[in-house]
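Visitor: I'd like to go over a predicted model; first the sequence, then the structure.
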Amino acid sequence: MSHQLKYEKLLENLKGFNRVAVAFSGGVDSTFLLKAAVEALGAENVLAVTSDAETYPERELKEAMSLAKEIGCEHVVIHTSELNIPGYAENPINRCYFCKQELFTNLIPVAQERGFNQVIFGAIADDLSDYRPGFKAALEKGVRAPLQEEGLTKADIRALSYQMNLSTWDKPSFACLSSRIPYGEKITQEKLTMIDKAEQFLMDLGFRQVRVRQHEKLARIEVVPQDIQKLAGFNEMIVSKLKSLGYMYITIDLQGYRSGSLNETIKTPKLTMV
């Protein structure tokens, strides 16, 4: 099915909701979903809701606020704390379930108070091939995933975003900072801060798609394969900076960046939304 046909089916799907609140991170997928919802329903019938928490870098919040203003719908920022969720900091393999449950538990009442009775989020078709325990929380709360329902992939969304002149069309993929810490290793504010500062440093050097996976005091840096040689050229500068942040060992992952690389250690059944 073509990008355009999928998009037309998406708009029909969205029109059936009447008024929607979009869980909005400012990433490629949720920005596209927000824009499509506004096109389908009109800006007055769409609410963007962003959660500001410890695992969400300030740079991402600022961009989300700017994007929502550009798209033209009402935007609300709520404050949540994943580290205060019982069981979250222990970092079990279903950590994302706790996160999404907290998000939707706080988001739904905010939406309903404003007359938006359906909450949607930006899960996509590609997510079905990875371990995504947050889907369970969405199912339990009645949160829908229209992009996934219409079979839209990341490639579809980037192509359509480009056609729609969305600045996020080529934005690097992003996931919460907790995803950089292996399951079973405790999540702390100190670790999240170290990861955030390390990744910001690497982005300031010109690396767009980057992850610093933190294995206790070891930093495992992932960049896209074509950037690995470039990364090695900053060897001394990177070692110096990351050691100043508290890392003892700094390594480059020769496989390069891949989404959810820490999920490679687990074997868990996939959970679908449809």
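Guide: Arrived safely.
Visitor: the helices in the stretch 101-250 of the chain, which residues?
Guide: Here the stretch 101-250 of the chain has its helices, by DSSP state H, counting those that start in this stretch, at 134-141, 146-149, 154-163, 189-204, 228-232, 235-245.
Visitor: would you single out the least confident of those helices?
Guide: For the helices of the stretch 101-250 of the chain, mean pLDDT drops lowest on helix 134-141, to a mean of 91.
Visitor: returning to what we had before: using a markdown table, please lay out the helices of the stretch 101-250 of the chain together with distance to residue 59 and mean neighbour count.
Guide: Every residue, glycine included, has its C-beta placed from N, CA and C. Formatted as a markdown table, the helices of the stretch 101-250 of the chain follow (distance: least, C-beta to C-beta, whole Å; neighbours: other C-beta atoms under 10 Å):
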| stretch | distance to residue 59 | mean neighbour count |
| --- | --- | --- |
| helix 134-141 | 22 | 19 |
| helix 146-149 | 24 | 24 |
| helix 154-163 | 20 | 18 |
| helix 189-204 | 7 | 18 |
| helix 228-232 | 21 | 14 |
| helix 235-245 | 17 | 14 |
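Visitor: residue 77 is nearest to which of the ones you listed?
Guide: helix 189-204 (18.4 Å; C-beta to C-beta).
Visitor: show me what contacts the residue most central in space within the chain?
Guide: Centre of the chain computed as the mean C-alpha position; nearest residue by C-alpha atoms, centre = their mean is residue 175, 3.9 Å away. Counting by C-beta atoms under 8 Å, 6 or more residues apart in numbering, residue 175 touches 259-260.
Visitor: before we move on, back to that, dump the helices of the stretch 101-250 of the chain to CSV, plus distance to residue 124.
Guide: Listed next are the helices of the stretch 101-250 of the chain as CSV, based on distance: least, C-beta to C-beta, whole Å:
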stretch, distance to residue 124
helix 134-141, 12
helix 146-149, 5
helix 154-163, 6
helix 189-204, 23
helix 228-232, 27
helix 235-245, 32
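Visitor: can you map out the strands along the chain?
Guide: 20-23, 46-52, 74-79, 118-120, 210-215, 218-223, 249-252 (DSSP state E).
Visitor: lowest-scoring secondary structure element of the chain by mean pLDDT?
Guide: The weakest-scoring helix or strand in the chain, judged by mean pLDDT, DSSP states H and E, is helix 134-141 (a mean of 91).
Visitor: and it, what does it pack onto?
Guide: With contacts defined as 3 or more C-beta pairs under 8 Å, 6 or more residues apart in numbering; DSSP states H and E, helix 134-141 has these neighbours: helix 95-113.
Visitor: the inter-axis angle of the helix it packs on versus helix 134-141?
Guide: 40 degrees (axes from the mean of the first three to the mean of the last three C-alpha atoms, to 10 degrees).
Visitor: mind listing what's buried in helix 95-113?
Guide: Buried residues in helix 95-113, defined by neighbour count with 16 or more other C-beta atoms under 10 Å: 95-104, 106-108, 111.
Visitor: low-confidence ranges, the stretch 51-200 of the chain, go.
Guide: For the stretch 51-200 of the chain, applying pLDDT under 70 flags no range at all.
Visitor: ok, 90 please
Guide: 58, 80, 86-87, 96, 126-135, 173-175 (pLDDT under 90).
Visitor: tell me the residue furthest from the middle of this protein?
Guide: In the chain, the residue most distant from the centre (C-alpha atoms, centre = their mean) is residue 236, at 30.9 Å.
Visitor: how near is it to residue 250?
Guide: Note on residue 236: its distance to residue 250, by C-beta to C-beta, to the nearest Å, is 11 Å.
Visitor: what about the residue lying closest to residue 203 once chain neighbours are set aside, how many neighbours?
Guide: Spatial nearest neighbour of residue 203, excluding adjacent residues (C-beta to C-beta, 6 or more residues apart in numbering): residue 210 at 6.2 Å. By other C-beta atoms under 10 Å, the residues close to residue 210 number 21.
Visitor: cool, residue 261 as well?
Guide: 17.
Visitor: to residue 10, which of the strands of the chain lies closest?
Guide: Judged by C-beta to C-beta, the one of those that comes nearest to residue 10 is strand 118-120, at 10.9 Å.
Visitor: run through who's touching the closest one.
Guide: 14, 17-23, 33, 37, 104, 107-108, 111, 141-146.
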